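[1] This is the structure alone, sequence omitted:
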């Protein structure tokens, strides 16, 4: 998916673009709580690919106002 989004971004030239989406990916393990304390190799790879994508397309991450997490498990312990 990340490669495809890089292609889309490249096809736009210098035009600005705005992506509003919950990719269910995080930049670092601090962005998730209540999940395994030590990230798995799959989670580490996911963070690596997501961060590479962000760097390639010169992503500017706009902070949300209010809550630090956008997703909460009903148990109140798991957040992302």
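    Yep, it's here. Quantities reported herein were computed from a predicted structural model and do not represent experimental measurements. Numbers count the residues shown, from 1 in each chain.
[2] what's next to stretch 45-57, contact-wise?
    If you take Cβ atoms under 8 Å, 6 or more residues apart in numbering as the criterion, stretch 45-57 is touched by 2, 5-6, 9, 23, 25-29, 39, 59, 61. For glycine as for every other residue, the C-beta is placed from the backbone atoms N, C-alpha and C.
[3] If we use 7 Å, what do you get?
    For stretch 45-57, the surrounding residues in contact (Cβ atoms under 7 Å, 6 or more residues apart in numbering) are 2, 5, 6, 9, 25, 26, 27, 28.
[4] tally of neighbours for residue 29?
    15 (other Cβ atoms under 10 Å).
[5] related to what we said a few turns ago, put the buried members of the contacts of stretch 45-57 into a ChimeraX selection.
    Entered in ChimeraX, the line below selects the buried ones among the contacts of stretch 45-57, by 16 or more other Cβ atoms under 10 Å:
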select :2,5,9,25,26
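[6] For the contacts of stretch 45-57, work out which two are farthest apart.
    9 and 28 (22.6 Å; Cβ to Cβ).
[7] Report pLDDT for the residue nearest to residue 77 when sequence neighbours are not counted.
    Spatial nearest neighbour of residue 77, chain neighbours left out: residue 34 (4.3 Å); criterion: Cβ to Cβ, 6 or more residues apart in numbering. Per-residue pLDDT puts residue 34 at 72.
[8] That'll do, ta.
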